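Undergrad: I'd like to go over a predicted model; first the sequence, then the structure.
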Amino acid sequence: MKPMIEEINVATNTSFKVEAYYNSQYCEPIGWHIHPEYELVFVKNGSGIIHIGTKKYTYVDGTLLFLGGNVPHADFGNKDHSDNVEIVIQFKKEFLEEKLKVFPELGQIKSLVEKSNQVLVFDQEIKNRLEDNFRQFEALDDQGKLINLLNILNELSKEISYQSLFDTFTLKTFKKSEIKRLEETFEYVNTHYSKNITVNEISNQIGLTPNSFCRFFKKMTQKTFVGFVNEFRVEKAIELFQEENTSISEVMYKSGFNDPSYFARQFKRYQGQTPSSYLKQKYG
């Protein structure tokens, strides 16, 4: 799966899309992306750091989260264990506006979906309790999948054991043209992170002056573009360190850094330790 702007293609005879990603199937991470669809994500096990908007959330034994549309985020899954699976359910706002509102009995589910704009992270107990529901999607027909999804949403709507990452997420107030520019920026970084990226280059790519682009990116993400790129490259370095027989210098160049001291400083800034300390702690 190549890095891209994620477009969610829901079949005409269904209201939502379900995908399962197994560790046995090689799939290159998408990287940072944004899409208007709601997203419910189940990760069975393993640890990772979730990047959503300006927030980071660390999980240690899988995760279950629900986020609204137009929330910038990076990949959620991990490859810590061979039996891990990530199940992703995505649906458009029409599912809420046209389907759920027809039945007043589904008011709790409608309320849950609306809260997803705050990005909801559920606790381990509910994640483990609903694992079988998530795993059975592949064996169900379209009608069974809809009933199963409503069962999951019904259970989640009754839960009070969750963490809201945001009080509110303000990206919904931005123009479609601004969100489109942010999509293009993410796609460009996802594709070119290993090469030299300049503000002049990316601003020209999306049709803004360098100063206007810097203001635009800060407004949309609350981060500087240079800081975002450095953090993105450090995360790529972490991915590369998972491979066998990789040296620090090799990872440095592959992740887009060219200067060892700068790489070490940025790595420590975002990981809290130097690359050598990270490798020593991880592999001994």
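TA: Received, thanks.
Undergrad: verify the stated contact: Lys101 with Ser111.
TA: No. Shown here, Lys101 and Ser111 do not form a contact pair, counting by C-beta atoms under 8 Å, at 11.7 Å. All C-beta atoms are positioned from the backbone trio N, CA, C, and that covers glycine.
Undergrad: just give me the neighbour total for Ile206.
TA: Burial of Ile206 is recorded as 17 neighbouring residues (other C-beta atoms under 10 Å).
Undergrad: need the contact list for it.
TA: Arg181, Glu184, Thr185, Tyr188, Phe213 (C-beta atoms under 8 Å, 6 or more residues apart in numbering).
Undergrad: phi, psi of it?
TA: Backbone torsions of Ile206, given as degrees, to the nearest 10, read phi -110, psi 10.
Undergrad: so what pLDDT did it get?
TA: Looking at Ile206, its pLDDT is 93.
Undergrad: tell me where the stretch 101-250 of the chain has helices.
TA: 107-115, 124-129, 131-135, 142-157, 176-192, 199-206, 210-221, 225-241, 248-254 (DSSP state H, counting those that start in this stretch).
Undergrad: who are the packing partners of the third one?
TA: Put plainly, it is helix 131-135. Here helix 131-135 touches strand 85-91, helix 142-157, going by 3 or more C-beta pairs under 8 Å, 6 or more residues apart in numbering; DSSP states H and E.
Undergrad: mean confidence (pLDDT) on that helix, please.
TA: Helix 131-135 comes out at a mean pLDDT of 97.
Undergrad: dump stretch 261-268 to PDB, keeping only the CA atoms.
TA: C-alpha atoms of stretch 261-268 as PDB (Å, rounded to 0.1, in the frame of the first residue of the first chain):
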ATOM      1  CA  SER A 261      24.400  15.300  15.300                       C
ATOM      2  CA  TYR A 262      21.200  16.800  14.000                       C
ATOM      3  CA  PHE A 263      19.600  13.400  13.700                       C
ATOM      4  CA  ALA A 264      20.600  12.600  17.300                       C
ATOM      5  CA  ARG A 265      19.200  15.900  18.600                       C
ATOM      6  CA  GLN A 266      15.900  15.500  16.800                       C
ATOM      7  CA  PHE A 267      15.600  11.800  17.800                       C
ATOM      8  CA  LYS A 268      16.100  12.800  21.400                       C
END
